[in-house]
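A.B. asks: Build me a structure from this.
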Amino acid sequence: MADYLSGRSRRLRECRERWGVPQPERYRDFAAIAAYHRLTSDTSASLSDKTWHDLDMDALYSRIENSVTPIGRQYLYRRLRTTATDQASLDSQSQVTEALRQRTDLRETLQYHLLALTRPTADSLTTLLFDRPPNAAVSALLVFSLSVLSLVAIVLTVVHPVWFPLLLALLTVNFVITEKYSHGLYAYSQGLSNLVTLLSVGLRLGRVPGADDLPPLQALRSQRATIRALRQKFRLLAFVRAGTNDLVNTLSFYLNVLCLLDLVVFLGSIRNLNRHREALVVVFEEVASVDAALSVGSYLESVRAWCRPVLARDAGLRLEDAYHPLLQDPKVNSIHVLDESVLVTGTNMAGKTTFIKTVGVNVLLGQTIGICHARAAGFERYSVHASIRRQDSLAQGKSYYLVEIEEILAFLQPREAGRPRPLLLIDEIFRGTNTIERIAASATVLRALASTNTVFVTTHDVELQGLLANYRMCHFRETPDLDQIFDYQLREGPSDARNAIKLLGLLGYPRELVDQAQDLAGQLDARKLELTEGPPRTPTPKP
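C.D. replies: Below is the predicted model:
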């Protein structure tokens, strides 16, 4: 008992030390973490791979994730990639998170019970419950018949040795079948073993006192009789090779030869899984949701400012003092738009791209886990789409520009009825082509996009400011008088700053090169004005 209590104290101490402390360096197998999302996601409400990548969501997920179990990591990943269907589901998630933040005893009790599911192989539960089971490629009737005949032959051989040739023949057939089919079921066997542990954890969570107000624990409590029966049923089937104990492996080998144990277990468990899959999925999701809520609660303890957004129909988009959570020393900016899109201009490194990522990340977090990194926030429901990172596709023989125009073309497709309004985040539109064609194409396409979408687009082309009447103009600018040059503050209105060449001098470029650049810029401005106004007309002489 002392050892038990000591082990419990040590584990609880580890949970306390990790609470509120980010774990960005923890190893994460994103292929395994994404499995639950991949197998269950509804593409209509799910963030695309491209947008997830463009918004650096793997890094943000790693910043948020502090789960106890592999299935908690999988559940959190899916939550971050799936927009909540209604306010009630967000409120329910927020209720659990807040309770775990405020009630230390409850939180630590739940963490302790979840520790039973910390084995890395626990993520195999997702494949077990949501993927198609592996095909045994052998008849169930044949397997059960051979198993029964083998056991009968053993008894007959014990009674009289004359039956030994029959037993030997049956064992030979069993050995061949075992070697051919059983090895492919190893991962499935791991999942089955973890399923029994999951059911045990579900029972313990359902018995935790003082949690009647938390929906996941209520659901587990109401299903205790069902969970207990399922655990008993699968416990009888879960005696399979663990792969970590030589004695168990040896015993399992002989049992496979004697009575095809692995295949019998596999076929029996498939039948039971298909019969009870719905109840098992409920246990999986309720347990995993508690662990994901622990991650979000721990994350909120470590951030400097956040709020619960107000989601309302036709509310536009409002962020007050919003910042990007991945920055060490972030600057805050505010934006409020209704039926309009936003064109953001400014030089490189002034903050344009970070700003549109800040908008996208906060809208995404507000609609998935119910938080925004801002003093206040409110917006309607959006489907978020980004075109920020682009590169040549050598494998497909596509240039940078071709990749870019294909991405933007997808944004022009008509929106399906009943879908949320798209929020499009576009960085440096059509930067893969020459200036004149870029400006012409950008103006035309952006006008069309703004008619049915909310667009946040960045550009170096200040000429677009005079061509997009249906866009709100904002800009970032460099300030040569500042030590850091950029203050990263969003400003309303079009940009009229001409400091880019002046910055060359401040950063150490030779004075003569800076002067030449200034002279050439003046000549190009004059040429542009001449082209705009046209050549002077020669008066036509009167007859």
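A.B. asks: quick one: residue 355 and residue 344 touch, right?
C.D. replies: Yes. Contact criterion Cβ atoms under 8 Å: residue 355 and residue 344 qualify, at 6.3 Å. Just so you know, the C-beta spots here come from the backbone N, C-alpha and C atoms, and that holds for glycine as well.
A.B. asks: what's the overlap in contacts for these two?
C.D. replies: 456, 458, 476, 490 (Cβ atoms under 8 Å, 6 or more residues apart in numbering).
A.B. asks: ranges for the helices of the stretch 1-150 of the chain?
C.D. replies: 2-18, 30-33, 35-40, 49-54, 57-64, 70-81, 87-102, 104-114, 124-130, 140-159 (DSSP state H, counting those that start in this stretch).
A.B. asks: Could you check the last one and say which residues are buried?
C.D. replies: Which is helix 140-159. 143-144, 146-147, 149-150, 153-154, 157 (16 or more other Cβ atoms under 10 Å).
A.B. asks: and what of the fifth one?
C.D. replies: Taking 16+ other Cβ under 10 Å as the neighbour-count basis, helix 57-64 is seen to contain the buried residues 57, 60-64.
A.B. asks: Not counting that helix itself, show me its contacts.
C.D. replies: 22-24, 26, 28, 30, 47, 52, 76-77, 80-81, 295-296, 299, 325-326, 361, 364, 369.
A.B. asks: Buried ones among these?
C.D. replies: 22-23, 28, 47, 52, 76-77, 80-81, 295-296, 299, 325-326, 361, 364, 369.
A.B. asks: Quick one: the buried residues of helix 57-64 as CSV, columns for pLDDT too.
C.D. replies: Shown next, in CSV, are the buried residues of helix 57-64 (pLDDT from 0 to 100):
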residue, pLDDT
57, 96
60, 97
61, 97
62, 96
63, 96
64, 96
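A.B. asks: ok, those residues vs residue 214, which is closest?
C.D. replies: residue 64 (20.4 Å; Cβ to Cβ).
A.B. asks: if I look at residue 261, how far off is residue 170?
C.D. replies: Distance, residue 261 to residue 170, using Cβ to Cβ, to the nearest Å: 14 Å.
A.B. asks: again with residue 191
C.D. replies: 30 Å.
A.B. asks: Over to residue 456?
C.D. replies: 71 Å.
A.B. asks: More neighbours: those two, which one.
C.D. replies: residue 456 (27 against 21; other Cβ atoms under 10 Å).
A.B. asks: ok, so of the buried residues of helix 140-159, who is nearest residue 440?
C.D. replies: Nearest to residue 440 among the buried residues of helix 140-159, with distances taken as Cβ to Cβ, is residue 143, at 69.6 Å.
A.B. asks: what about the nearest residue to the closest one once chain neighbours are set aside, which helix or strand?
C.D. replies: Once flanking residues are discounted, residue 143 sits nearest to residue 263: 4.8 Å by Cβ to Cβ, 6 or more residues apart in numbering. Element membership of residue 263 [criterion: DSSP states H and E] is helix 261-300.
A.B. asks: Give the next helix or strand downstream of that helix.
C.D. replies: From helix 261-300, the next helix or strand downstream (DSSP H and E) is strand 310-311.
A.B. asks: which other residues reach the very next helix or strand once past that next one?
C.D. replies: Proceeding N to C from strand 310-311, the next assigned helix or strand is strand 317-322, under DSSP H and E. Strand 317-322 is contacted from outside by 305, 332-337, 358-359, 362-363, 372-380, 382, 423, 454, using Cβ under 8 Å, 6+ apart.
A.B. asks: in strand 317-322, what counts as buried?
C.D. replies: Counting neighbours by 16+ other Cβ under 10 Å, strand 317-322 gives 317-320, 322 as buried.
A.B. asks: which of the contacts of strand 317-322 count as buried?
C.D. replies: Buried among these by 16+ other Cβ under 10 Å: 332-333, 335, 337, 358-359, 362-363, 372-374, 377-380, 382, 423, 454.
A.B. asks: how far away is residue 475 from residue 426?
C.D. replies: With Cβ to Cβ as the criterion, residue 475 and residue 426 are 16 Å apart.
A.B. asks: go on, residue 337?
C.D. replies: Applying Cβ to Cβ to residue 337 and residue 426 gives a distance of 15 Å.
A.B. asks: Looking at the contacts of strand 317-322, which are in strands?
C.D. replies: Within these, residues falling in strands by DSSP state E are 333-337, 376-379, 382, 423, 454.
A.B. asks: what's the closest of the residues you listed to residue 201?
C.D. replies: Among the ones in strands among the contacts of strand 317-322, and counting by Cβ to Cβ, the member closest to residue 201 is residue 377, at 35.4 Å.
A.B. asks: give me every residue that touches the nearest residue to the closest one once chain neighbours are set aside.
C.D. replies: Counting by Cβ to Cβ, 6+ apart, residue 377 lies nearest to residue 309, which is 4.0 Å off, once chain neighbours are set aside. If you count contacts by Cβ under 8 Å, 6+ apart, residue 309 has them with 362, 366, 370-372, 374, 377-379.
A.B. asks: Phi and psi next, for residue 309.
C.D. replies: As for residue 309, its main-chain torsions (degrees, to the nearest 10) stand at phi -70, psi 150.
A.B. asks: list the contacts for residue 30?
C.D. replies: Contacts of residue 30 by Cβ under 8 Å, 6+ apart are residue 58.
A.B. asks: State the pLDDT value of it.
C.D. replies: Looking at residue 30, its pLDDT stands at 94.
A.B. asks: just residue 185 next, same as before
C.D. replies: At residue 185, pLDDT is 68.
A.B. asks: Put the alpha carbons of the helix or strand hosting residue 443 into PDB.
C.D. replies: Using DSSP H and E, residue 443 sits in helix 435-450. In PDB, the C-alpha atoms belonging to helix 435-450 read as follows (Å, rounded to 0.1, in the frame of the first residue of the first chain):
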ATOM      1  CA  THR A 435       4.400  44.100 -62.400                       C
ATOM      2  CA  ILE A 436       1.900  45.300 -65.000                       C
ATOM      3  CA  GLU A 437       0.100  42.000 -65.500                       C
ATOM      4  CA  ARG A 438       0.200  41.300 -61.700                       C
ATOM      5  CA  ILE A 439      -1.600  44.600 -60.900                       C
ATOM      6  CA  ALA A 440      -4.200  44.100 -63.700                       C
ATOM      7  CA  ALA A 441      -4.900  40.500 -62.800                       C
ATOM      8  CA  SER A 442      -4.900  41.200 -59.000                       C
ATOM      9  CA  ALA A 443      -7.400  44.000 -59.300                       C
ATOM     10  CA  THR A 444      -9.800  42.000 -61.400                       C
ATOM     11  CA  VAL A 445      -9.600  38.800 -59.300                       C
ATOM     12  CA  LEU A 446      -9.800  40.600 -56.000                       C
ATOM     13  CA  ARG A 447     -12.900  42.600 -57.000                       C
ATOM     14  CA  ALA A 448     -14.600  39.300 -57.900                       C
ATOM     15  CA  LEU A 449     -13.500  37.600 -54.700                       C
ATOM     16  CA  ALA A 450     -14.800  40.400 -52.500                       C
END
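A.B. asks: Give the rounded mean pLDDT of that helix.
C.D. replies: Rounded mean pLDDT across helix 435-450 is 91.
A.B. asks: And it, what's buried?
C.D. replies: Buried residues in helix 435-450 (16+ other Cβ under 10 Å): 438-439, 442-443, 445-446, 449-450.
A.B. asks: Show me the two of those residues that sit farthest apart.
C.D. replies: 438 and 450 (17.9 Å).
A.B. asks: do you know how far residue 329 is from residue 348?
C.D. replies: When residue 329 is compared with residue 348 (using Cβ to Cβ), they lie 19 Å apart.
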